[in-house]
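Novice: show me the folded form of this:
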Amino acid sequence: MSRIGRLPIDIPAGVTVSVDGRQVAVKGPKGELTLAVAAPIEVSVDDGQVVVTRPDDERESRSLHGLTRTLINNNIIGVTQGYSKGLEVVGTGYRVQQKGGSVEFALGFSHPVLVDPPAGITFTVEGNNKLTVSGIDKQAVGEAAANLRKIRKPEPYKGKGIRYAGEVVRRKAGKAGK
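Specialist: Below you'll find the model as predicted:
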């Protein structure tokens, strides 16, 4: 039995979970998220808890069991607390600034890079080198942060670029002089 999949999920106060066939809708104070559940997995709501079950011990059922439970739990956390990911801009002359809802990066290119947030995601800038990506959908927050980091990845010689908060960049020695 899946150690994660068999654990029931407690529904906190202010959150409603409704199951309609293969759709699980989670509504909370921060918004609403839906999840399409894969075929063999069954989801039910009993006594303020969400229970995820599987019909058999097939390989696919076992792999989807824990995944489905975790995705529903992520949705419940998202509509109550939300998710956020921090980014740091490191490098001489590299900076980020807020332009309305968008952010503008100066990253050593010949032009500034303007990035609009995807739907449901907000960008907030602290200072001129820290950026926070936040929203209720964990997958969307992670993808938006990864797309921002992809603009200028941290390079291994000086460590310049956009990195996750707390990320350690492995440094290389560079050329050895005479």
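
Novice: partners of the longest strand along the chain, with directions?
Specialist: In the chain, with assignment by DSSP state E, the single longest strand is strand 83-90. Paired with strand 83-90 in the same sheet, following DSSP bridges, are strand 130-135 (antiparallel), strand 161-164 (antiparallel).

Novice: what element comes up after the longest one heading to the C-terminus?
Specialist: Going back to what we said before, that points to strand 130-135. Where DSSP states H and E defines the elements, the next helix or strand beyond strand 130-135 is helix 138-151.

Novice: distance between that following helix and the chain's centre?
Specialist: Relative to the centre of its chain, helix 138-151 is centred 7 Å away, using CA atoms, centre = their mean, to the nearest Å.

Novice: can you dump the C-alpha coordinates of the helix ranked longest in the chain into CSV?
Specialist: Secondary structure of the chain per DSSP state H: the longest helix is helix 59-80. Taking Å, rounded to 0.1, in the frame of the first residue of the first chain, the C-alpha atoms of helix 59-80 are listed here in CSV:
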residue,chain,number,x,y,z
ARG,A,59,1.9,-0.7,-11.4
GLU,A,60,0.0,2.3,-12.9
SER,A,61,-2.5,2.4,-10.0
ARG,A,62,0.2,2.3,-7.4
SER,A,63,2.1,5.1,-9.1
LEU,A,64,-1.0,7.3,-9.5
HIS,A,65,-2.2,6.7,-5.9
GLY,A,66,0.4,8.8,-4.0
LEU,A,67,0.6,11.3,-6.9
THR,A,68,-3.1,12.0,-6.8
ARG,A,69,-3.2,12.4,-3.0
THR,A,70,-0.2,14.8,-3.1
LEU,A,71,-1.7,16.9,-5.9
ILE,A,72,-5.0,17.3,-4.0
ASN,A,73,-3.0,18.2,-0.8
ASN,A,74,-1.0,20.8,-2.8
ASN,A,75,-4.3,22.3,-4.1
ILE,A,76,-5.7,22.6,-0.5
ILE,A,77,-2.4,24.2,0.7
GLY,A,78,-2.5,26.6,-2.3
VAL,A,79,-6.0,27.9,-1.7
THR,A,80,-5.3,28.4,2.1
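
Novice: where does pLDDT dip in the protein?
Specialist: Low-confidence segments of the chain, defined by pLDDT under 70: 1-2, 177-178.
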